[in-house]
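Student: Sequence and computational prediction follow.
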Amino acid sequence: MAQHSDVQLKPPAVLQTGAGALARREGLGLATFVRQFPAGCIGAVILVFVTFFALAAPLVTVHDPTQVKLRERKQIPSWSHPLGTDYEGRDILTRIIYGGRVSLAVSVLSVLLGTTVGALWGVASAYIGGRFDMHSQRLLEIFMSFPPLILAMMLVIGMGAGLWAVVIAIGMTRLPFGVRVVRSVALSVKELA
């Protein structure tokens, strides 16, 4: 007489196919993403918020960021000045919003500059090779030997003050990493070809 065990075998699940099934199996979706990466979602919301206010600065502010009003200087926060005023009577919130425009412009332009020049340099270094590749890699190692902030300050001092000097200096600090990554990919593609 056969004995029955307490373990019961379950029939295999039916395989589901399609993008919807893949999303259900891997748990893809906005709610899952928010649960798994809450800090990233908060950062994305803040970035969208700052970008919107920086781009719409003339529409969302009522004060001029550069207009001096000595009668309103050093005021505490109020309905007319939510963050108060500075020592020259300028609205602090308006100055922060307009300052966000400059910060966004510098960050976007410096990343574009560093990425574009780095990609072109990396491809050229991989495909030309030889002495050009060797000398360019040694130059990048010199760039990478300096801390990025020190390198950026040295470049700004050398080029002089100005918005474009800051953009070029920050872009140059990102350049070595872009060149290295693109060069390695270009070398692997060159070997496969």
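Tutor: Structure received.
Student: The residue nearest to Leu113 when sequence neighbours are not counted is in what secondary structure piece?
Tutor: Using C-beta to C-beta, 6 or more residues apart in numbering and skipping the chain neighbours, the partner closest in space to Leu113 is Gly171 (3.5 Å). Using the backbone N, CA and C atoms, a C-beta is placed for each residue, glycine as well. If you go by DSSP states H and E, Gly171 is part of helix 163-192.
Student: before we move on, back to that, next, count neighbours for the residue nearest to Leu113.
Tutor: The number of residues packed around Gly171, counting by other C-beta atoms under 10 Å, is 23.
Student: can I assume it is in contact with Val106?
Tutor: No - contact criterion C-beta atoms under 8 Å: Gly171 and Val106 do not qualify, at 9.7 Å.
Student: just to revisit the earlier point, what helices or strands is the helix holding Gly171 leaning on?
Tutor: With contacts taken as 3 or more C-beta pairs under 8 Å, 6 or more residues apart in numbering; DSSP states H and E, helix 163-192 sits against helix 92-128, helix 130-145, helix 148-159.
Student: Make JSON lines from those and add mean pLDDT to it.
Tutor: Shown next, in JSON lines, are those (pLDDT from 0 to 100):
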{"stretch": "helix 92-128", "mean pLDDT": "91"}
{"stretch": "helix 130-145", "mean pLDDT": "90"}
{"stretch": "helix 148-159", "mean pLDDT": "86"}
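Student: so which of these is the most packed in?
Tutor: helix 92-128 (a mean of 17; mean count of other C-beta atoms under 10 Å).
Student: what angle separates that one from helix 163-192?
Tutor: Following axes from the mean of the first three to the mean of the last three C-alpha atoms, to 10 degrees, one obtains 30 degrees for the angle between helix 92-128 and helix 163-192.
Student: and helix 92-128, how far out from the chain's middle?
Tutor: Distance of helix 92-128 from the chain centroid (C-alpha atoms, centre = their mean, to the nearest Å) equals 9 Å.
Student: likewise stretch 49-68?
Tutor: When distances are taken as C-alpha atoms, centre = their mean, stretch 49-68 is centred 22 Å away from the chain's centroid.
Student: Quick check: end-to-end length of that stretch?
Tutor: 28 Å (C-alpha to C-alpha, to the nearest Å).
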